[in-house]
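Novice: could you look at this predicted model? Sequence included:
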Amino acid sequence: MLRQGLLMARGLCQLMSNKLSDSLHRNIMKHLNGNTRSGYAWTSLQNIRAVTMSPWPFTPSQPRDYSLPNASWSSEMQRLYEHYNNMCEMETEGGKKIKGAWRRLPSYNRSLKYATGGQCLSKLLQGKARIFTRNIEEQGAGFEYVVFINKQEKTCVCVFQAGHLLEGPPGHVHGGAIATIIDSVTGTHATYLSGPVMTANLTINYRSPIPLGSVVLVHSSLDKTEGRKTFLSCQVTNTDGSKMHTEATGLFVSIGVGHLLGL
Ligand SMILES: CCCCCCCCCC(=O)SCCNC(=O)CCNC(=O)[C@H](O)C(C)(C)COP(=O)(O)OP(=O)(O)OC[C@H]1O[C@@H](n2cnc3c(N)ncnc32)[C@H](O)[C@@H]1OP(=O)(O)O
């Protein structure tokens, strides 16, 4: 018990003392420092840190970044990845590279382990836990996706290719898998905008089935924020935007870091 407490304290200290690198982390720290109420912030906090920070220097192996192209990506998936990736960094006439409006979010198959201080905490909390959408070993079999955020426009787009393990109706993607990618994209977007959050409500309208193996775009946009509540809208379309597959709205409630730790 004492050892566990010490490990947890060490993890928290490492977490808190780490210099946060961008506005997202400043946002999280604001919540850590200012929000003393209980909440489920831990998961979101660790996820955020996992997707935005370099791995802890003492992590034994470099984690794989699942948001980078792999051999299972179709040419359309690759094309769209390059389209948005090119807008993350732009070349000026002089050949100088400058930051673009978009930013690609790295993505790992674990959150706690790859966060600073997370090695200790992952042992205490969910040592074997893996991120739901990233835990399929075979490339291309499940969720292949990459998320890009546009800070200025407060929008987010995900390029998503659905693998054969996500089948629902014959030849088409399961509604639960569609809900999962929507929750993941809007949850990521809400966390980016508001710091640690949990999904309070997700309302989904399925308009047309998504063929298995196809590539779709998941767009998320901010409707409004009200106190602790962040309201987002989401549309899943085919890649040229001519077909609406799914529409959704989500409510995300900001939470404090202590809740998962039972404080
Ligand atoms: C990089 C990050 C990557 C993240 C990707 C993965 C994203 C995955 C996200 C998830 O799937 S999270 C898991 C699914 N969600 C949950 O398990 C949440 C379970 N519910 C809760 O834990 C709590 O109900 C919740 C934290 C959402 C809210 O509880 P609180 O006690 O903190 O808040 P409270 O109940 O006081 O409500 C705060 C405000 O939200 C409103 N609210 C809460 N739940 C609501 C609801 N369901 N519908 C409408 N309004 C709701 C509530 O009315 C109130 O409004 P006002 O401030 O105007 O009074």
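Specialist: Structure received.
Novice: can you tell me which residues in the stretch 51-200 of the chain are near the ligand?
Specialist: 51, 183-184, 187-188, 191, 198-200 (Cβ under 6 Å from any ligand atom). C-betas here are computed from N, CA, C, even on glycine.
Novice: make a ChimeraX selection of whichever of the residues you listed turn out to be buried.
Specialist: Buried subset of these, written as a ChimeraX selection, criterion 16 or more other Cβ atoms under 10 Å:
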select :51,183,184,187,188,191,198
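Novice: including secondary structure and pLDDT, could the residues of the stretch 51-200 of the chain next to the ligand go into JSON lines?
Specialist: Below are those laid out as JSON lines (DSSP: H, G, I helix; E, B strand; the rest coil; pLDDT from 0 to 100):
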{"residue": "Val51", "secondary structure": "helix", "pLDDT": "42"}
{"residue": "Asp183", "secondary structure": "helix", "pLDDT": "98"}
{"residue": "Ser184", "secondary structure": "helix", "pLDDT": "98"}
{"residue": "Gly187", "secondary structure": "helix", "pLDDT": "97"}
{"residue": "Thr188", "secondary structure": "helix", "pLDDT": "95"}
{"residue": "Thr191", "secondary structure": "helix", "pLDDT": "92"}
{"residue": "Met198", "secondary structure": "strand", "pLDDT": "93"}
{"residue": "Thr199", "secondary structure": "strand", "pLDDT": "97"}
{"residue": "Ala200", "secondary structure": "strand", "pLDDT": "98"}
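Novice: tell me the two of the residues of the stretch 51-200 of the chain next to the ligand that are most distant?
Specialist: Spatial extent of these (Cβ to Cβ) is set by the pair Val51 and Ala200 at 21.6 Å.
Novice: nearest residue to the single nearest residue of the stretch 101-250 of the chain relative to the ligand other than its sequence neighbours?
Specialist: Nearest to the ligand, among the residues of the stretch 101-250 of the chain, is Gly187, at 2.6 Å (Cβ to the nearest ligand atom). Nearest residue to Gly187, sequence neighbours excluded (Cβ to Cβ, 6 or more residues apart in numbering): Thr199, at 5.8 Å.
Novice: list the buried residues in the helix or strand in which Gly176 is found.
Specialist: Element membership for Gly176 (DSSP states H and E) is helix 175-194. The neighbour-count check on helix 175-194 (16+ other Cβ under 10 Å) flags 177-178, 180-194 as buried.
Novice: same check, this time on stretch 133-140
Specialist: 133-134, 136, 140.
Novice: next up, the contacts around Ser208.
Specialist: Contacts for Ser208 (Cβ atoms under 8 Å, 6 or more residues apart in numbering) come out as 243-245.
Novice: what number of residues lie near Gly213?
Specialist: Gly213 has 16 neighbours, counted by other Cβ atoms under 10 Å.
Novice: also Pro69?
Specialist: So Pro69, with other Cβ under 10 Å, has 13 neighbours.
Novice: ok, the one 10 residues further on next?
Specialist: By the criterion of other Cβ under 10 Å, Arg79 has 13 neighbours.
Novice: any idea how far Leu251 is from it?
Specialist: Per Cβ to Cβ, to the nearest Å, Arg79 is found 34 Å from Leu251.
Novice: quick check, nearest of the buried residues of stretch 133-140 to Lys151?
Specialist: Using Cβ to Cβ, these come closest to Lys151 at Thr133, 23.1 Å.
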